[in-house]
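Participant: Sequence plus predicted model, see below.
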Amino acid sequence: MTYRNWIHLCIDMQRMFAEETPWHVPWMRNVSPQVLEVAQRHPHRTIFTRFVPPQRAEDMSGTWRAYYEKWEMMTVETLGSDLVDLVPSLKSLVPPARIFDKMTYSPWTTGELHRVITGEGVDTLVVTGGETDVCVLAAAIGAIDLGYRVILLKDAVCSGADETHDASLELLGDRFSVQLQISSTEEFLGRN
């Protein structure tokens with residue numbers, strides 16, 4: 001099936017997950033070729049999200065403050081802002097690809113991303129990136145809640161934990177099968 005009004009929503013393919021940090025996701029290197037292939041073929045249809053930590057833990061409220069007290073080494077003050085950036089191969093596609101920054105797992109929390117893409121007539125999201133069991137899961141379920149058709153590219157998502165990666169794919173594929181389709185990158189690109 002060919003989709004007309006779609007975007008590639010690439011979740012958090014950032015240096016702080018690709019490089020040796022406490023949040024390193026080794027699988028990212030394995031899915032990077034597929035993510036890059038989609039983004040290079042369709043840069044004008046690609047939006048990259050970036051998970052942006054606060055400057056300091058005390059800049060956050062509620063449980064996010066406790067979270068960054070635990071992960072203080074991942075605040076911008078300690079980590080530095082360079083590692084928040086996209087991996088270089090993807091950053092080179094901006095523009096025409098766009099970047100959307102978020103401070104939570106979900107890119108939908110502020111409403112801004114939804115406002116922008118619905119204004120462009122988008123009804124389908126092709127999701128790649130990481131982590132399958134955290135930010136990708138939050139993005140997919142939020143997109144379903146907002147009424148988007150979601151195509152999750154199973155060979156272009158990654159996690160630091162195999163068991164919860166597999167469980168997330170099973171959950172999304174089984175429980176949300178009317179609203180979400182799991183596909184391979186090759187299958188999707190062969191049709192679009």
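Facilitator: All right, it came through fine. From a predicted model like this one, the values you see are computed outputs, not experimental measurements.
Participant: If we go by neighbour counts, what in whichever strand or helix holds E37 is buried?
Facilitator: Element membership of E37 [criterion: DSSP states H and E] is helix 28-41. For helix 28-41, the neighbour count (16 or more other CB atoms under 10 Å) marks 28, 31-32, 34-39 as buried. Any C-beta I mention is one placed from the backbone N, CA and C, and that applies to glycine too.
Participant: from the middle of its chain, how far away would that helix be?
Facilitator: Mean-position distance between helix 28-41 and its chain equals 12 Å (CA atoms, centre = their mean, to the nearest Å).
Participant: Who are the packing partners of it?
Facilitator: Secondary-structure packing of helix 28-41 (3 or more CB pairs under 8 Å, 6 or more residues apart in numbering; DSSP states H and E): strand 6-11, helix 15-18, strand 46-51, helix 88-91, strand 124-130, strand 149-158, helix 185-191.
Participant: In TSV, list those along with distance to E170 and mean neighbour count.
Facilitator: Output for the helices and strands packed on helix 28-41, formatted as TSV (distance: least, CB to CB, whole Å; neighbours: other CB atoms under 10 Å):
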stretch	distance to E170	mean neighbour count
strand 6-11	19	26
helix 15-18	23	22
strand 46-51	24	23
helix 88-91	28	16
strand 124-130	16	25
strand 149-158	11	23
helix 185-191	19	15
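Participant: re earlier: mind exporting the C-alpha coordinates of the helix holding E37 to PDB?
Facilitator: Once non-C-alpha atoms are left out, helix 28-41 reads as follows in PDB (Å, rounded to 0.1, in the frame of the first residue of the first chain):
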ATOM      1  CA  MET A  28      21.600   1.800  17.600                       C
ATOM      2  CA  ARG A  29      24.500   1.100  15.300                       C
ATOM      3  CA  ASN A  30      22.600  -2.000  13.900                       C
ATOM      4  CA  VAL A  31      19.500   0.000  13.000                       C
ATOM      5  CA  SER A  32      21.200   3.100  11.800                       C
ATOM      6  CA  PRO A  33      21.600   2.000   8.200                       C
ATOM      7  CA  GLN A  34      17.800   1.400   7.900                       C
ATOM      8  CA  VAL A  35      17.000   4.700   9.600                       C
ATOM      9  CA  LEU A  36      19.400   6.600   7.400                       C
ATOM     10  CA  GLU A  37      18.000   4.900   4.200                       C
ATOM     11  CA  VAL A  38      14.500   6.100   5.000                       C
ATOM     12  CA  ALA A  39      15.700   9.600   6.000                       C
ATOM     13  CA  GLN A  40      18.000  10.000   2.900                       C
ATOM     14  CA  ARG A  41      15.200   8.900   0.500                       C
END
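Participant: Relative to D82, which of the helices and strands packed on helix 28-41 is closest?
Facilitator: Among the helices and strands packed on helix 28-41, the nearest to D82 by CB to CB is helix 15-18 (6.9 Å).
Participant: pLDDT of the closest one, averaged?
Facilitator: Averaged over helix 15-18, pLDDT sits at 97.
Participant: Ok, stretch 143-152 next?
Facilitator: 98.
Participant: from the chain's centre, how far out does that stretch sit?
Facilitator: Centre-to-centre, stretch 143-152 and its host chain are 14 Å apart (CA atoms, centre = their mean).
Participant: This completes my enquiry, with thanks.
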